[in-house]
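>>> take a look and give me a structure for this.
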Amino acid sequence: MSRMMQEILEQPQALARTFGAERQHAEEFRRFANRKFRLIVLVARGTSDNAAVFGRYLLELTTGIPVSLAAPSLHTLYHARLDLRDALVVGISQSGAGIDINRVLESARRQHAYTVGITNEPKSPMAQLVDDVFVVRAGHQRSVAATKTYTGQLLLLYLLAFALGDQHTLAAISEIPDRAREAVGLVEEIRGLVERYRYMRQCAVVARGLNYANAFELSLKLMETCYVVAERFSAADFLHGPIAMVEPSFPLVLFMPPGRTFHDINRLLRRLRGLGAETLAITAAEAKVPGATRVIRVPGKIPEIYTPIPYIIPGQVFAALLAEVKGIDPDHPRSLRIVTKTL
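Numbering: from 1, shown residues only. Purely as a prediction, here's the structure:
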């Protein structure tokens, strides 16, 4: 078994550890942060940047505070001076060692922002320089392809949303590790369908809303572990041009949780069927998706807002198993290391 698959299977325990260790911290931050911030800025790279995309949707939806995704080069190359008074700047990094992310956080502190880190490494440079740090308790990451640290970051963003708003409860967030445990149980089912995609060289991954970040994350996993050219799209943006590339047997993966985005994506799915596309839908157990070529059904009735973690897990499993059937070692992707340092 690859280290990547081992870490995928460790996620329910890692999420439970993270929640147990950080729930009181979230309550304390809630008391401190009450109506304190007028703006949130998220800064990250790679997989952590995909977590930040999720954070933007979650935090704006549940707190009403505008959220921006930072462009690190504005700080590291252009040395822009921003007015960050009353802003919360959140750095997200698995290692906490990303030079550009930490430069942005240092710049933000000089510009009067309050800084928070989300990292898996409590002794990292990031953890030392921010005003406060939330720690993912995923254990040491051995796989180059991040899985358990990504879902751990998403969990901490739920706790941050709890601290800054009033639409989450700790009781609801505490159910996420069990949802992840149910999703991990899909491994053998996914193993049975992945052979179909052995020769896939390109695909598109489509989602919308809260699961949009998962389209980015699954695409990244397919690119770095399977060498598949995987483009990611909003279901809405896909209709504004990219649908023109779809021809018979063109493969697409669609995240289709129940909720506000389901009917729009289901309409797109029916249109793709008419074009002869190969479609793999990741959806709910009870969902009706007759237009899909293949379906992965996530167990349980999960409110849309809590679907991103249990829905990315089948995608992670799919990527790990696809690498296996392609004869690629997902633990040693070409030209990659666990920590990438850029400016």
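>>> domain map for this protein?
For the chain, automatic domain parsing gives the domain ranges 3-174, 179-325.
>>> what's the closest of the ones you listed to His332?
With C-beta to C-beta, the closest approach to His332 among those belongs to domain 3-174: 7.2 Å. The way it works is simple: take the backbone N, C-alpha and C, and place the C-beta from them, glycine included.
>>> tell me the average confidence for the closest one?
If you average the pLDDT over domain 3-174, you get 95.
>>> ok, the residue nearest the centre of the chain - contacts?
For the chain, the residue sitting closest to the mean C-alpha position, by C-alpha atoms, centre = their mean, is Ala51 at 4.1 Å. Residues touching Ala51, when contacts are defined by C-beta atoms under 8 Å, 6 or more residues apart in numbering, comprise Ala44, Ile92, Ile118, Tyr150, Gln153, Leu154, Leu157, Ala213, Glu217.
>>> ok, which pair from those residues is furthest apart?
Taking C-beta to C-beta, the two most distant members of the contacts of Ala51 are Ile118 and Glu217; they sit 15.6 Å apart.
>>> what are the phi and psi angles of the residue sitting furthest away from the middle of the chain?
Relative to the centre of the chain, and counting by C-alpha atoms, centre = their mean, the farthest-placed residue is Gly274 at 30.4 Å. Recorded main-chain torsions at Gly274 are phi -60, psi -20, according to degrees, to the nearest 10.
>>> I'd say Ala235 and Arg208 touch.
Yes. The pair Ala235 / Arg208 is scored as a contact, 4.3 Å apart, by C-beta atoms under 8 Å.
>>> give me the common contacts of those two.
Residues touching both Ala235 and Arg208 by C-beta under 8 Å, 6+ apart: Thr261, Asp264, Ile265.
>>> make JSON lines out of those and add distance to Arg137, pLDDT and neighbour count.
Supplementary listing: the shared contacts of Ala235 and Arg208 in JSON lines, determined by distance: C-beta to C-beta, whole Å; pLDDT from 0 to 100; neighbours: other C-beta atoms under 10 Å:
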{"residue": "Thr261", "distance to Arg137": "31", "pLDDT": "96", "neighbour count": "22"}
{"residue": "Asp264", "distance to Arg137": "36", "pLDDT": "95", "neighbour count": "16"}
{"residue": "Ile265", "distance to Arg137": "33", "pLDDT": "96", "neighbour count": "23"}
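>>> returning to that earlier point: for the residue nearest to the centre of the chain, give its distance to Thr279.
Using C-beta to C-beta, to the nearest Å, one gets 26 Å for the distance from Ala51 to Thr279.
>>> name the element the residue lying closest to Gln141 once chain neighbours are set aside belongs to?
The spatial neighbour of Gln141 that comes closest, neighbours along the chain excluded (C-beta to C-beta, 6 or more residues apart in numbering), is Thr149 at 5.6 Å. According to DSSP states H and E, Thr149 maps onto helix 148-164.
>>> re the thing from before, tell me the one of the contacts of Ala51 nearest Tyr306?
Relative to Tyr306, the closest of these is Leu154; by C-beta to C-beta it sits at 10.1 Å.
>>> what count of nearby residues applies to that closest one?
Here the neighbour count serves as a burial measure; for Leu154 (other C-beta atoms under 10 Å) it reads 25.
>>> do you know how far it is from Thr119?
The span separating Leu154 from Thr119 equals 14 Å under the rule C-beta to C-beta.
>>> so what's in contact with these two at the same time?
Contact criterion C-beta under 8 Å, 6+ apart; no residue bridges Leu154 and Thr119 by contacting each.
>>> before we move on, back to that, the residue nearest to Gln141 is in contact with Ile92, isn't it?
No. With contact defined as C-beta under 8 Å, Thr149 does not reach Ile92; the gap is 9.8 Å.
>>> ok, the two, which is more surrounded?
Neighbour comparison, Thr149 and Ile92: the larger count goes to Ile92, with 32 against 28 (by other C-beta under 10 Å).
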